[in-house]
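J.: how would this look folded up:
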Amino acid sequence: MKNTLPLFTALLLAPLASSHAAEAGQPATHFSTFAQATLHESPLLNRIKLAKQRGRSYPMDSLDFIMVDLERPETLTRHADFCTGDLTGRYLDLLATSAHLEPSDHDRMQALFTRILKCQAPNGAFGRVQVQDMGVSKDELAWAASSKVFMGLLRYYQETGDPKALTAARRNAEFFFANLDRIREASIQQKKPEDLHQWIRSAGGLGDVGNWITEPMAELFGITGDQRCLDVCRAVAEAQQSLKGRHSHGVMTTLRGLQLAAIYTGDTSWNKLPEQFRKEIAKEVAWADGSISELFPTSKRNEGCSIADWVMLNLYAGFISGEDEAYEKAENALWNALFLNQTVNGGFGHRDLESDHTYGGAVLSMECWFCCLHNAGLAMVEFADHALTLRGDELRINLLVPGRYQVPYKGTTIEVEVSTRYPEKADTTVVISGAPAEMKARIRIPSCIKGAEVKVTNLPGGKTRHVLSGRMGYQLEEVRNGVVLRYGPLVMAPLRYAQNVKVTNKDNDFLQGYVFERIDKGRATIVPPDKDADGFYLFPKEPKPIWKNYEEGTLSRLAFDNLSINVKLAYPDGTSQEHRFWPECYSTTSTASGAPVPVVFAKPEASK
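T.: Model prediction:
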């Protein structure tokens with residue numbers, strides 16, 4: 001007997017019933033968007049806009065440039081052009097998924113979709129496979145499975161209801177159904193799964209980026225109910241053995257596909273493997289700020305795609321289980337590692353990792369406009385979509401995201417208005433209109449809020465007002481490899497970590513504090529100041545540095561008001577020095593780079 005998810009029954013009616021709706025040409029609804037959001041001005045909305053702006057700036061201002069990985073013109077090449085349908089599919093996915101929150105690229109989305117359709121081959125695959133002598137698979141099936149076009153078509157269909165998108169996606173699926181035995185065979189891991197490169201280059205091997213075919217297959221099942229989609233997911237799932245040595249973005253996207261299968265079928269057995277690996281990642285891999293290495297368990301750099309996957313993997317886990325810890329992990333990774341990864345131009349990419357506690361000095365060692373930009377954009381949109389969900393007759397505010405939400409419920413629409421400046425302040429007001437008497441409302445209270453209290457007031461017209469209050473401040477949190485300093489959920493870090501100041505002219509101190517040297521004095525320990533009555537540390541905010549480097553203040557679109565502080569650090573040689581700490585997400589507001597940035601510091605006893 002299958003393990004079912006009874007609480008999802010009402011939620012799943014729309015996507016599962018869409019097997020009939022699809023035949024009638026009606027759009028299906030992605031499971032997380034049943035609470036339609038209109039976001040208010042906030043750092044999250046501004047970061048989504050910034051990412052989409054990057055998606056239409058050079059070199060992606062040209063659709064000719066974007067379409068190279070499908071159209072294969074003789075007159076143009078670019079980075080990752082051999083990755084068939086990767087950039088084109090990712091971009092279509094982001095444009096369609098974000099359209100309800102930020103609709104600025106509607107015409108561009110339609111133009112991109114039209115050109116993608118022209119690239120579908122008679123066998124259902126997309127693009128002209130370009131085989132290069134680089135030691136990777138020369139199998140058309142492998143490259144087709146790695147394509148992101150399949151998912152992009154489904155999201156476009158869900159946004160627009162255009163039946164041509166669903167027809168193209170179904171034709172693409174038929175290509176894989178015809179090759180199911182080969183997918184099953186090619187998905188089996190090598191006896192030494194830690195050797196990722198050998199795994200990807202194995203003859204006919206799909207590798208971790210091919211395994212992510214689970215995501216569009218599960219989504220297509222949610223729309224059409226075609227059981228063959230689950231056969232493909234099962235073939236890939238049965239081959240998964242270990243995380244070690246594997247491409248983190250490929251693995252976690254694959255796991256999200258299995259989570260979707262659990263959501264759309266109501267069968268929790270699909271979620272067993274994602275939960276097993278999610279817990280392993282949380283315990284042994286993820287940094288305190290949510291950073292994820294490009295390869296499991298660790299490698300020389302992280303990846304924006306992988307951090308975004310970690311956000312979404314936890315969002316889906318929270319949707320399935322309703323447990324607060326999953327939303328807490330998603331919130332942590334989004335506000336810290338993912339936003340640290342976003343550059344001032346809106347892009348995302350790789351940051352070098354000097355150790356298990358310190359980032360390399362560059363803002364990004366590589367901006368990945370061809371992948372990380374889009375996956376990170378999806379994570380931010382999904383975060384907003386998951387802010388409100390229904391579990392049976394309970395309305396849940398999972399994430400404190402300011403906006404207006406419309407929640408369909410038993411033939412009516414519930415209006416929810418969320419006003420908050422979280423994570424700068426705990427104070428949040430939620431006004432609910434049109435909810436029936438039997439409906440309950442629950443606000444998830446982040447663990448960083450002390451003395452939290454929710455007061456409910458009945459208002460005229462059947463409305464209710466829920467006011468969350470509490471206190472946040474600076475706390476030291478012990479993690480597996482040291483200590484991290486937080487304000488609320490925000491990780492604090494010395495983004496310009498320096499020992500001495502370079503002055504080009506000793507008679508002119510204008511440049512003092514502008515150019516920095518790295519510190520090579522060993523791993524530092526935070527020297528804690530006194531605490532206030534709530535147990536929060538009273539780090540001084542004055543004096544402020546002459547060169548502020550990072551945006552801060554009430555008018556900031558990405559940062560907050562007066563959160564940066566001065567922190568005294570002690571070194572193994574017995575010396576100490578004061579440094580300016582900012583929320584690490586402030587990194588986006590500047591092009592400043594320099595010395596490596598530690599985010600996890602030594603435990604006091606370890607420094608002696």
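
J.: so what's the nearest residue to residue 368 once chain neighbours are set aside up against?
T.: Excluding its sequence neighbours, the residue lying closest to residue 368 (CB to CB, 6 or more residues apart in numbering) is residue 349, at 4.1 Å. All C-beta atoms are positioned from the backbone trio N, CA, C, and that covers glycine. Taking CB atoms under 8 Å, 6 or more residues apart in numbering, we find residue 349 in contact with 303-304, 341, 343, 364-368, 372.

J.: In the residues you listed, which has the lowest confidence score?
T.: Within the contacts of residue 349, pLDDT reaches its minimum at residue 364, with 82.

J.: I figured it hits residue 343, correct?
T.: Yes - the criterion here is CB atoms under 8 Å, and residue 364 meets it with residue 343 at 5.7 Å.

J.: domain ranges for this structure?
T.: Per automatic domain parsing, the domain ranges recorded for the chain read 37-386, 394-471, 474-608.

J.: Which residues does stretch 441-455 contact?
T.: 324, 327-328, 331, 394-400, 422-423, 426, 428, 430, 432, 435, 464, 466-473, 475, 486, 488-489, 534-536.

J.: Mind checking which of those residues land in strands?
T.: 394-397, 428, 430, 432, 464, 466-471, 475, 486 (DSSP state E).

J.: Which PyMOL command selects the buried ones in the residues you listed?
T.: In PyMOL syntax, the buried subset of those is picked out as below (16 or more other CB atoms under 10 Å):
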select buried, resi 395+396+397+428+430+432+466+467+468+470+471+475+486
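
J.: from the ones in strands among the contacts of stretch 441-455, which is closest to residue 220?
T.: The nearest member of the ones in strands among the contacts of stretch 441-455 to residue 220, counting by CB to CB, is residue 396 at 27.7 Å.

J.: got the contact list for the closest one?
T.: 322, 388-390, 441-442, 444.

J.: Buried subset of those residues, written for PyMOL?
T.: Burial among the contacts of residue 396 is assessed by 16+ other CB under 10 Å; the matching PyMOL selection reads:
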select buried, resi 322+388+389+390+441+444
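
J.: Distance to residue 64, pLDDT and secondary structure for the contacts of residue 396 - can I get that in TSV?
T.: Listed next are the contacts of residue 396 as TSV, based on distance: CB to CB, whole Å; pLDDT from 0 to 100; DSSP: H, G, I helix; E, B strand; the rest coil:
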residue	distance to residue 64	pLDDT	secondary structure
322	46	94	coil
388	40	94	strand
389	41	92	strand
390	44	90	strand
441	50	96	strand
442	50	97	strand
444	46	98	coil
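
J.: Spell out the secondary structure type for the spatially most central residue of the chain.
T.: With distances taken as CA atoms, centre = their mean, residue 308 lies nearest the centre of the chain, 2.4 Å away. Per DSSP: H, G, I helix; E, B strand; the rest coil, the local secondary structure of residue 308 is helix.

J.: what about the residue nearest to it when sequence neighbours are not counted, neighbour count?
T.: Among residues not flanking residue 308 along the chain, residue 379 sits closest, at 3.7 Å (CB to CB, 6+ apart). Neighbour count for residue 379, taken as other CB atoms under 10 Å: 25.

J.: repeat for residue 436
T.: The burial count for residue 436: 11, using other CB under 10 Å.

J.: what's the answer for residue 344, then?
T.: The burial count for residue 344: 15, using other CB under 10 Å.

J.: isn't there a strand covering it?
T.: No - assigned with three-state DSSP, residue 344 falls outside any strand and is coil.

J.: From residue 51, how far out is it?
T.: Plainly put, residue 344 is 12 Å away from residue 51 if you go by CB to CB, to the nearest Å.

J.: where does the protein have low pLDDT?
T.: 1-34, 129-143, 182-207, 362, 498-518, 592-594, 606-608 (pLDDT under 70).

J.: Once you drop chain neighbours, what's closest to residue 435?
T.: residue 414 (5.0 Å).

J.: Got the phi and psi for that neighbour?
T.: Backbone geometry at residue 414, expressed as degrees, to the nearest 10, gives phi -100, psi 130.

J.: Is it correct that it is in contact with residue 433?
T.: Yes - shown here, residue 414 and residue 433 form a contact pair, counting by CB under 8 Å, at 7.0 Å.

J.: Between those two, tell me which one has more neighbours.
T.: residue 414 (21 against 14).

J.: contacting residues for the more buried one?
T.: So residue 414 contacts 395, 406-408, 432-435, 439 (CB under 8 Å, 6+ apart).

J.: what about 7 Å?
T.: 395, 407, 432, 434-435 (CB atoms under 7 Å, 6 or more residues apart in numbering).

J.: And it, how far from residue 45?
T.: 22 Å.

J.: Same check on residue 80?
T.: Taking CB to CB, one finds residue 80 at 29 Å from residue 45.

J.: Pick out whichever of those two has more residues nearby.
T.: residue 45 (21 against 13).

J.: I figured the more buried one was touching residue 51, is that so?
T.: No - if you go by CB atoms under 7 Å, residue 45 and residue 51 don't touch, sitting 10.9 Å apart.

J.: any idea where the helices of the stretch 501-608 of the chain begin and end?
T.: Counting by DSSP state H, counting those that start in this stretch, no segments of the stretch 501-608 of the chain form helices.

J.: how far away is residue 408 from residue 395?
T.: 12 Å.

J.: Correction: the previous question concerned residue 61.
T.: 42 Å.

J.: Kindly report the same for residue 294.
T.: Counting by CB to CB, the gap from residue 294 to residue 395 is 39 Å.

J.: Helices along the stretch 1-150 of the chain, start to end?
T.: Going by DSSP H, counting those that start in this stretch, the stretch 1-150 of the chain shows helices at 9-23, 43-55, 63-66, 68-71, 86-98, 106-117, 140-146, 149-160.

J.: So which of those helices is nearest residue 273?
T.: Nearest of the helices of the stretch 1-150 of the chain (CB to CB): helix 140-146, 18.8 Å.

J.: Ignoring the adjacent residues along the chain, who's closest to residue 521?
T.: residue 571 (4.3 Å).

J.: Verify the stated contact: the one you found with residue 526.
T.: No - Residue 571 is not in contact with residue 526 according to CB under 7 Å; the separation is 11.5 Å.

J.: of the two, who's got more company?
T.: Counted by other CB under 10 Å, residue 571 and residue 526 do not tie: residue 526 has more neighbours, with 24 against 17.

J.: OK, contacts around the closest residue in space to the more buried one that isn't next to it in sequence?
T.: Excluding the flanking residues, the one nearest residue 526 by CB to CB, 6+ apart is residue 601, at 5.1 Å. By CB under 7 Å, 6+ apart, the contact set of residue 601 is 482-483, 524-526.

J.: Please name the bridge partners of residue 601.
T.: residue 483 (DSSP bridges).

J.: what about it, distance to residue 489?
T.: Residue 601 is 18 Å from residue 489, by CB to CB.

J.: How about residue 41?
T.: 20 Å.

J.: what do you get for residue 439?
T.: Residue 439 is 28 Å from residue 489, by CB to CB.

J.: hmm, back to that, which neighbours do residue 344 and residue 51 have in common?
T.: Joint contacts of residue 344 and residue 51 (CB under 7 Å, 6+ apart) do not exist.

J.: neighbours of residue 283, just the number please.
T.: By other CB under 10 Å, neighbour count at residue 283 equals 9.

J.: and it, helix, strand or coil?
T.: helix.
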